[in-house]
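# need a structure here:
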Amino acid sequence: MKFCLIDRIIELQPGVSIKAIKSLSLAEEYLQDHFPGFPIMPGVLQVEALVQTAAWLMRQTEDFAYSVVLLKEVKAVRFNNFVAPGQTLEVECTVQKREGRVYTFKANGSVAGSSTVNARLILEQFNLADHNPELGASDERRIARLRQQFATLYTPPGA
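Numbering: from 1, shown residues only. Next up is the predicted model:
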């Protein structure tokens, strides 16, 4: 199952930083089991929201040149508070280092100004055709879908 853990991108500075939001609803299926009587967003999904946000910054910075962004490493992750239904998680990612196709981010999530999670993320981007030239068409389809999804998530200021 694939979770889209970003509802909207609210700020974007290509190559620098990004802010996004996720409004948590009781309708989220995973909340039925996490935890009965005390629903909260699982920590792993909070980290995934950080990763997804950072990946959008990479894609926009590189003008969607790559079809795949993968998490290589999570460092110094800290969980500070819960995210409950009815709350909005605000995610902010800032580029700390960029070496070719690998980016390092400082990432954090908060609810109403109170930190819920923070971590350092290392993500790598590539095309499937880099490993198998026959997958070039698949890269093109994936990139087209990503561009469509990005257009839904982000409206540039003044647009």
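# CA atoms for contacts and neighbours, from now on please.
Fine.
# which residue ranges of the chain form helices?
Listed in chain order, the helices of the chain (DSSP state H) span 43-61, 136-153.
# distance to Gly86 added to those, as TSV?
Shown next, in TSV, are those (distance: least, CA to CA, whole Å):
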stretch	distance to Gly86
helix 43-61	15
helix 136-153	20
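# most tightly packed of those helices?
Of all these, helix 43-61 has the most neighbours on average by mean count of other CA atoms under 10 Å, namely a mean of 22.
# and that one, what does it pack onto?
strand 17-23, strand 68-79, strand 88-99, strand 102-111, strand 114-126 (3 or more CA pairs under 8 Å, 6 or more residues apart in numbering; DSSP states H and E).
# then it to PDB, C-alphas only?
Taking C-alpha atoms only, helix 43-61 is exported to PDB below (Å, rounded to 0.1, in the frame of the first residue of the first chain):
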ATOM      1  CA  GLY A  43       6.300   7.300  14.100                       C
ATOM      2  CA  VAL A  44       7.400   5.500  10.900                       C
ATOM      3  CA  LEU A  45       4.700   7.400   9.000                       C
ATOM      4  CA  GLN A  46       5.900  10.700  10.500                       C
ATOM      5  CA  VAL A  47       9.300   9.900   9.100                       C
ATOM      6  CA  GLU A  48       7.800   8.900   5.800                       C
ATOM      7  CA  ALA A  49       6.100  12.300   5.600                       C
ATOM      8  CA  LEU A  50       9.600  13.900   6.100                       C
ATOM      9  CA  VAL A  51      11.000  11.700   3.300                       C
ATOM     10  CA  GLN A  52       8.200  12.400   0.900                       C
ATOM     11  CA  THR A  53       8.500  16.200   1.500                       C
ATOM     12  CA  ALA A  54      12.300  16.100   1.000                       C
ATOM     13  CA  ALA A  55      11.800  14.000  -2.200                       C
ATOM     14  CA  TRP A  56       9.500  16.700  -3.700                       C
ATOM     15  CA  LEU A  57      12.200  19.300  -3.100                       C
ATOM     16  CA  MET A  58      14.700  17.100  -4.900                       C
ATOM     17  CA  ARG A  59      12.400  16.500  -7.800                       C
ATOM     18  CA  GLN A  60      11.600  20.200  -8.200                       C
ATOM     19  CA  THR A  61      15.300  21.200  -7.800                       C
END
